[in-house]
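[1] Kindly return the folded structure for what I paste below:
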Amino acid sequence: MPESPPEATIPAHLLHHGDAEVRGSGLLDLAVNVHPHGPPAFLRDALVASVADVTTYPDPGSAESALAALHRRPPEEVLATAGATEAFTLLARLRPWRRPVVVHPQFTEPHAALVQAGHQVTTVLLAPGDSVGTTSIPDDADLVVLGNPTNPTGTLHPRAEVAALVRPGRLVVVDEAFMDALPGEPESWVGSRRDGLVVVRSLTKTWAVPGVRAGYLVGDAGTVSDLRAARAPWTFSSAASATVHAVTSARGMREQRRRAGELQQWRVDLQDLLASCGVPFVPSRAPFVLARPGVGAHEHLRERGIAVRRCDTFPGLGPEWVRVAARPRGVLTPLADVLAGRQSSWVPRSERTATRP
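    Numbering: from 1, shown residues only. Predicted structure coming up:
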């Protein structure tokens, strides 16, 4: 699909995130892509124990070594960050990018970080479900940002298509925030070194610790060194370090594999439900599904106590789309009940009231 002209200011909708759909609402949460069972007991214990370390300034070194060992990378190729958001901020400010490109629809925070750093961003749009190999990236792009699997489409881009984006003078950033929710992590670049390619990871989703702000990135040593020099002191907390050590342990790896299998089964069940209700959707590999129940569905579901993620805030998508988080089959019953009687377009309650005689 064609690219859009560079932007001068950041649209407010790029700052909308799924947590805004449920904060203080009391609704059934099918909007936030965080594992609904919370962190496992061994991770909770590690977080409690980390309170003993708050009297000293945090040092990310041991956490970076643990992550490096996990992915079989040298420690100098790993940078621990306060969630993926800090990684995107550091990358946005790494260089005076001449033509940064963000491939949409995808998580909007990298785009927002670039604009907030003073860059004009070029948007390249993919049709929902298409992989990056189906489009053209501007030849003069010196930064390309891509999600894999992509939020909100759930598309998993082949490694070869991601590798084809790399060229001299260009940095390719791959957001793999949901890759650990896929058994075996297919198509990941996190364990493979390639100059000019940086992978960003989050520990928020599968491990259900968004309040801890634990993430990291891996890349070639030169790029990571430049990013390390730009990182503010002590941003990676003791709690984040404790999280890394817990989830990279043998016990953590077993639980990660179990959770990945669980999430994929929930995703399959969700897709089966949508199909049985006649709701179009984009086949997903991530622990969520992009569905197209029609204009007004987002508010209609809220009126019935169900929060899903609105998707008109993602470039390339309109109000007829919603993103639904994977949940256990029994949790999805209220959603099935509402969608079974779905229409191609729902009239919001406010508009129904306004049209009464």
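
[2] C-alpha from now on. contacts and neighbour counts both.
    Fine.

[3] Do a quick rundown of the helices in the chain.
    Counting by DSSP state H, the segments of the chain that form helices are 41-49, 61-71, 83-92, 109-116, 159-163, 221-230, 238-247, 250-276, 297-303, 333-339, 349-354.

[4] would you put the C-alpha positions of the fifth one in CSV?
    As requested, the backbone C-alpha atoms of helix 159-163 are provided in CSV (Å, rounded to 0.1, in the frame of the first residue of the first chain):
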residue,chain,number,x,y,z
ARG,A,159,12.7,-13.9,9.2
ALA,A,160,13.7,-13.7,5.6
GLU,A,161,11.4,-10.7,5.0
VAL,A,162,12.7,-8.9,8.1
ALA,A,163,16.3,-9.6,7.0
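
[5] Out of the helices of the chain, which gets nearest to Ala20?
    Closest to Ala20 of these, according to C-alpha to C-alpha: helix 297-303, at 12.8 Å.

[6] Show me what counts as buried in the closest one.
    Along helix 297-303, these residues count as buried under the neighbour rule (16 or more other C-alpha atoms under 10 Å): 297-302.

[7] just curious, which of the residues you listed is nearest to Ala41?
    Taking the buried residues of helix 297-303 together and measuring to Ala41 by C-alpha to C-alpha, the closest member is Arg302, at 32.3 Å.

[8] so Leu28 makes contact with Ala307?
    Yes. Under the criterion of C-alpha atoms under 8 Å, Leu28 is in contact with Ala307, at a separation of 5.8 Å.

[9] More neighbours: which of the two?
    Taking Leu28 and Ala307 together and counting by other C-alpha atoms under 10 Å, Ala307 has the greater number of neighbours (30 against 18).

[10] Val224 versus Ala164, what's the distance?
    Taking C-alpha to C-alpha, to the nearest Å as the measure, Ala164 and Val224 are separated by 21 Å.

[11] With neighbour numbers in mind, choose between these two.
    Relative neighbour count places Val224 above the other of Ala164 and Val224, with 19 against 10, counting by other C-alpha under 10 Å.

[12] Okay, the nearest residue to that one once chain neighbours are set aside and Ser192: tell me how far apart.
    On the basis of C-alpha to C-alpha, 6 or more residues apart in numbering, the spatially nearest residue to Val224 that is not a chain neighbour turns out to be Glu77, at 5.9 Å. Using C-alpha to C-alpha, one gets 11 Å for the distance from Glu77 to Ser192.

[13] Same check on Thr89?
    According to C-alpha to C-alpha, Thr89 stands 23 Å off from Ser192.

[14] These two: which has the busier surroundings?
    The neighbour comparison of Thr89 against Ser192 (other C-alpha under 10 Å) goes to Thr89, with 19 against 14.
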